[in-house]
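**Student:** Got a predicted model here, sequence first, then my questions.
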Amino acid sequence: MHDQHMRIRRPNVVLDRKASVCTHRRRAKPGMTEGQWSGAIEPPHEGLHLGPVALIEMMYARSIERFERRIRGETVERPMKNAAIDLLTWAAGHDLGHRAFVDLGGADLVFEAAHRAAAGRIPYGVRLDEALGATECVEFLQRVLRDTSQGLSAGRTARLIRDEVRADLSRRFETAESSVLTVLVRHLGLSRILAGAISDVLTATRSVTPAERRSLAQRAKRLEEKADRLTVSAREIAARIREAGMLRPVVDEIENTTDALEDCAFLLSLVPEAEGSVLAVAPLAQLSEIVTDSVGHLVRAVEAASRLPAGRRADAVASLQAIDAVVNAERSADTAERDTMAALIAAACSDARPLVLGLEIARALEKATDHLSHSALSLRDRVLQELSA
């Protein structure tokens, strides 16, 4: 064993790598306790030839078991045990051993990196796989095994390797924070499509048929359903990080914006065919354009905010400018709504239904700008916090 960092090759090994970690156990019994299970690995039978990698991987399996116990503090559950075995199998497949990992502290290397990188970013008591997500956590642990093994083999110092592990974990936490905003950009994209479709109907120079308005309502319903799934995803990611208290209002208000726009599309589908021209008032068309522009401003604000962890001040400035545009759009929408009410009341109408619907449509559009403004102001608090960090 000339390579002390576990890049050992075996010329003649009876057992394959996977068998070496799962066949040398006593018979497990239902209800076996943590201590009993961890002691279930027994030495190989006499006369059974094991190569160095097989022996090493048996030792590594036990180190993974101890790592699991420290993380969970309870009986090892099958999903996590399987994840540990999968991690071990991956390491063996890439010719990476565990001695360098142990020499650099083993589980303590990961705990120290998590303590330093996650401080202030995730709530106390949240497990690493819950904070990062299972897939991201596995990728991080794979990176740790690779960096420790290859790092010591290449002659890098222990301090440098620890810093690299910590930097990688910190980057992954920043990615988790940015991913919430990335999902919101996709959500706002759907809202922008819906707002634009409504504006096209209200600003059309020709008479829009009832069939076209009903088609818009159906399309709006489908877009809302897609947006709801993105909302669930954003909330799940936000729940893993400490800044959830600031990001959750952003998520909720963007969802409310889409709901208001879907209500508006539904109301448009109810307008009687003979009275559709009553809605052809300039202030209402202007209000719909304000909503569309406001959604676009918030898209730019969220996109710029998602790049803040990279430390670019220009992105912070761009985000704050777009946020200010959203807030100003809400004020313009208030004026446009009142002008719409005045224009609808003054319009000649033999049926009260289009009048009522027109007022409700204007109210739904203005409500959408309210939600956009609330979301923008919540995002502003997060941007300012990032700048002051």
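**Tutor:** Arrived safely.

**Student:** what bits of the stretch 251-389 of the chain have low per-residue confidence?
**Tutor:** Scanning the stretch 251-389 of the chain for pLDDT under 70 picks out 274-278, 309-312, 389.

**Student:** Which parts of it are helices?
**Tutor:** Using DSSP state H, counting those that start in this stretch, the helices found in the stretch 251-389 of the chain span residues 282-306, 313-346, 352-388.

**Student:** Please identify the deepest-packed of those helices.
**Tutor:** helix 282-306 (a mean of 23; mean count of other CB atoms under 10 Å). Any C-beta I mention is one placed from the backbone N, CA and C, and that applies to glycine too.

**Student:** circling back: a markdown table for the helices of the stretch 251-389 of the chain, including distance to residue 179?
**Tutor:** Output for the helices of the stretch 251-389 of the chain, formatted as a markdown table (distance: least, CB to CB, whole Å):
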| stretch | distance to residue 179 |
| --- | --- |
| helix 282-306 | 8 |
| helix 313-346 | 16 |
| helix 352-388 | 14 |
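
**Student:** just so I know, which of those lies nearest residue 258?
**Tutor:** Ranking the helices of the stretch 251-389 of the chain by their distance to residue 258 (criterion: CB to CB) puts helix 352-388 first, at 8.4 Å.

**Student:** Residue 281 against residue 341, yeah?
**Tutor:** No: Residue 281 is beyond contact range of residue 341, at 9.9 Å (criterion: CB atoms under 8 Å).

**Student:** Run through the residues that contact residue 228.
**Tutor:** Shown in contact with residue 228 (CB atoms under 8 Å, 6 or more residues apart in numbering): residue 255.

**Student:** how close does it get to residue 222?
**Tutor:** 11 Å (CB to CB, to the nearest Å).

**Student:** Please apply the same query to residue 266.
**Tutor:** On the measure of CB to CB, residue 266 and residue 222 end up 13 Å apart.

**Student:** of those two, who's got more company?
**Tutor:** Neighbours were counted for residue 266 and for residue 222 using other CB atoms under 10 Å; residue 266 has more, 19 against 12.

**Student:** in which helix or strand would I find the closest residue to that one other than its chain neighbours?
**Tutor:** Once flanking residues are discounted, residue 266 sits nearest to residue 217: 5.0 Å by CB to CB, 6 or more residues apart in numbering. Using DSSP states H and E, residue 217 falls within helix 210-238.

**Student:** Can you mark which positions in that helix are buried?
**Tutor:** Going by neighbour count (16 or more other CB atoms under 10 Å), the buried part of helix 210-238 is 213, 216-217, 220, 223-224, 227, 230-231, 233-235, 237-238.

**Student:** Among the residues you listed, which one sits closest to residue 138?
**Tutor:** The closest of the buried residues of helix 210-238 to residue 138 turns out to be residue 237 (CB to CB; 17.2 Å).

**Student:** which non-adjacent residue is nearest that closest one?
**Tutor:** residue 180 (4.9 Å).

**Student:** Can you tell me the SS state at that neighbour?
**Tutor:** Recorded secondary structure, residue 180: helix (DSSP: H, G, I helix; E, B strand; the rest coil).

**Student:** what's near enough to touch it?
**Tutor:** By CB under 8 Å, 6+ apart, the contact list for residue 180 reads 234, 237, 238, 241, 247, 251.

**Student:** From those residues, which shows the smallest pLDDT?
**Tutor:** On pLDDT alone, residue 241 ranks lowest of the contacts of residue 180, at 69.

**Student:** For the closest residue in space to residue 289 that isn't next to it in sequence, what is the enclosing helix or strand?
**Tutor:** Residue nearest to residue 289 in three dimensions, not counting chain neighbours: residue 199, with 5.5 Å by CB to CB, 6+ apart. Residue 199 belongs to helix 158-202 when assigned by DSSP H and E.

**Student:** From residue 217, how far off is residue 354?
**Tutor:** From residue 354 across to residue 217, the span is 16 Å (CB to CB).

**Student:** Low-confidence ranges, the stretch 51-200 of the chain, go.
**Tutor:** In the stretch 51-200 of the chain (pLDDT under 70), the answer is 51-81, 117-126, 130-133, 171-177.

**Student:** residue boundaries of the helices in it?
**Tutor:** For the stretch 51-200 of the chain, applying DSSP H, counting those that start in this stretch gives helices covering 52-72, 78-93, 99-103, 107-118, 128-132, 134-153, 158-202.

**Student:** Any chance of those helices in a markdown table with distance to residue 303 as columns?
**Tutor:** Below are the helices of the stretch 51-200 of the chain laid out as a markdown table (distance: least, CB to CB, whole Å):
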| stretch | distance to residue 303 |
| --- | --- |
| helix 52-72 | 36 |
| helix 78-93 | 34 |
| helix 99-103 | 39 |
| helix 107-118 | 25 |
| helix 128-132 | 23 |
| helix 134-153 | 22 |
| helix 158-202 | 6 |
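
**Student:** can you list the domains in this structure?
**Tutor:** The record's domain parsing of the chain by automatic domain parsing lists 19-156, 178-388.

**Student:** check contacts around the residue nearest to residue 289.
**Tutor:** 285, 288, 289, 291, 292.

**Student:** And residue 248, by the same measure?
**Tutor:** Here residue 248 is in contact with 235, 238 (criterion: CB under 8 Å, 6+ apart).

**Student:** Quick check: which element contains it?
**Tutor:** Assigned by DSSP H and E, residue 248 falls in helix 244-269.

**Student:** which one of the contacts of residue 180 is nearest residue 85?
**Tutor:** Distance to residue 85 across the contacts of residue 180 (CB to CB) is lowest for residue 237, with 27.7 Å.
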